[in-house]
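Q: okay, predicted coordinates and the sequence, questions at the end:
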Amino acid sequence: MKAMGKGPALLRLNNLKRVMTQLRQTRITSRQDLALALNLSKNTVSLIVDDLLELGVITELGPVSVASAGRPKIEISLRPEKLKSAGIMVERQTIHWQVCDYFSQVIAEQTWRTQTDDPAVLLQELAECCQTLVAAHPELIGIALGFPGIVDPQRGWMHFSSHLGWQDIDLLTPLKAEISLPLRIMNNVKAAALLPVQQLALDKNQSHFYLRIAEGIGGALVQQGEVFTGSSWTAGEVGHLLVQPNGARCSCGRLGCLEALVSQPAIQHQLAQRKPGLRWQNRESEPAMVSAVMSEAGAQLGSALSQVMLLLNPASIMVDAPWNASPAFVQAVQQTAQASTLAFTFAHTALHFLPQRIDPANGLALAVIEQYEQRMG
């Protein structure tokens, strides 16, 4: 885009970023509505929209009738397929990727099993995956790669991952040497946290806590639309809150961590202890036993969430767990959290039990889009 001088160019790019964000959130709007929503002049918005039309990123849908006299509004919309992003999620012995359009809708995806023990070998496989995606989708604006463990997203550095068995690995440098597109390195759970904030249309001026139960338990605090990682990149590690002194041993070596009691392996173990062969997948065969296990797990999670409410005071907590399908679990979480939290705090914290699991690869792709909009400013 043309601009005169460094100051005007930065202002123009910042306004462009705001317009893109608004177009993504509203889907269909008009020049007049954009100007009003962003408190920009109609001329400024028109110049930006004209440039985006020329680039083929947006399209005009046609005029709409207006009650008052004057120039009719012409509705415009992003063409989401013109700006794509990719998220590649690494888990133990698995790689899973998604390519999404600008509205976070999945265009293509793939999952395969692979060896993840050797970082150098896996990073080369990831570089080849990125190159394949770039060739197949020239509209890509960037790629985000997610890993389990303690990740410094600024340096692209893996400090430690118990799931992968990695320690002190430079993730970003070898990938940047192979890929020309902007890259983003994140923790899987922290990337996943961005997606439900968008899906639930939560207020980005507030803070929101996301908790994910899978092989382990992770969490992330989203503030002002950004994931807060903390000074040592472990903010949100709710899985290692102590909820049962002298309880089951956790992978971290301590006793009674939430992860050792409520994670997928922990619940499967508890079900099998109740009755050999009983698993979550065949829970309908023993509903009373399963409800008892779920009630106990829900109480343990509710106790942990009460600490989150009191310490972080988020506007909402989003629980992403397979156990959400159990009414006994949901009820126990709510009742225990309420009983363990100040009444005023609990009343001002919305609990969301997500009906569908969040795919971290989709969250990673969204992280690319949000970084793209920020970088433009």
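A: Looks like it came in fine. Numbering: from 1, shown residues only.
Q: number of residues surrounding the residue nearest to Gln224 when sequence neighbours are not counted?
A: In this structure, Gln224 finds its nearest non-sequential neighbour in Lys204, 6.3 Å apart by CB to CB, 6 or more residues apart in numbering. Any C-beta I mention is one placed from the backbone N, CA and C, and that applies to glycine too. Lys204: 15 surrounding residues under other CB atoms under 10 Å.
Q: look up the pLDDT of Lys204 for me, please.
A: For Lys204, the pLDDT comes out at 88.
Q: just the element for it, please.
A: Assessed by DSSP states H and E, Lys204 sits outside every helix and strand.
Q: which ones are touching it?
A: The neighbours of Lys204, taking CB atoms under 8 Å, 6 or more residues apart in numbering as the test, are 197, 224-225.
Q: look up the closest residue to Ser30, ignoring the ones flanking it.
A: Lys73 (4.2 Å).
Q: which residues does the one you found contact?
A: Contacts of Lys73 by CB under 8 Å, 6+ apart are 30-33, 63-64, 66.
Q: and the gap between it and Arg79?
A: Between Lys73 and Arg79 the computed distance is 19 Å (CB to CB, to the nearest Å).
Q: ditto for Leu271
A: In this structure, Leu271 lies at 48 Å from Arg79, with CB to CB as the measure.
Q: cool, and Glu226?
A: Glu226 sits at a distance of 27 Å from Arg79 (criterion: CB to CB).
Q: and the helix or strand hosting Asn43, average pLDDT?
A: Under the criterion of DSSP H and E, Asn43 resides in helix 42-55. What helix 42-55 shows for mean pLDDT is 93.
Q: hmm, Gly165 and Pro119 touching each other?
A: No: counting by CB atoms under 8 Å, Gly165 is not a contact partner of Pro119; they are 9.3 Å apart.
Q: more neighbours: which of these two?
A: For Pro119 versus Gly165, neighbours defined as other CB under 10 Å are more numerous around Pro119 (19 against 13).
Q: what's the closest non-adjacent residue to that one?
A: Excluding the flanking residues, the one nearest Pro119 by CB to CB, 6+ apart is Ile169, at 4.7 Å.
Q: quick one: low-confidence ranges for the stretch 201-350 of the chain?
A: Within the stretch 201-350 of the chain, no range satisfies pLDDT under 70.
Q: can you give me the strands for it?
A: 207-213, 217-223, 226-228, 316-320, 350-353 (DSSP state E, counting those that start in this stretch).
Q: okay if I get the ones you listed as JSON lines plus distance to Leu261 and mean neighbour count?
A: Below are these laid out as JSON lines (distance: least, CB to CB, whole Å; neighbours: other CB atoms under 10 Å):
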{"stretch": "strand 207-213", "distance to Leu261": "11", "mean neighbour count": "25"}
{"stretch": "strand 217-223", "distance to Leu261": "9", "mean neighbour count": "24"}
{"stretch": "strand 226-228", "distance to Leu261": "25", "mean neighbour count": "18"}
{"stretch": "strand 316-320", "distance to Leu261": "15", "mean neighbour count": "23"}
{"stretch": "strand 350-353", "distance to Leu261": "18", "mean neighbour count": "16"}
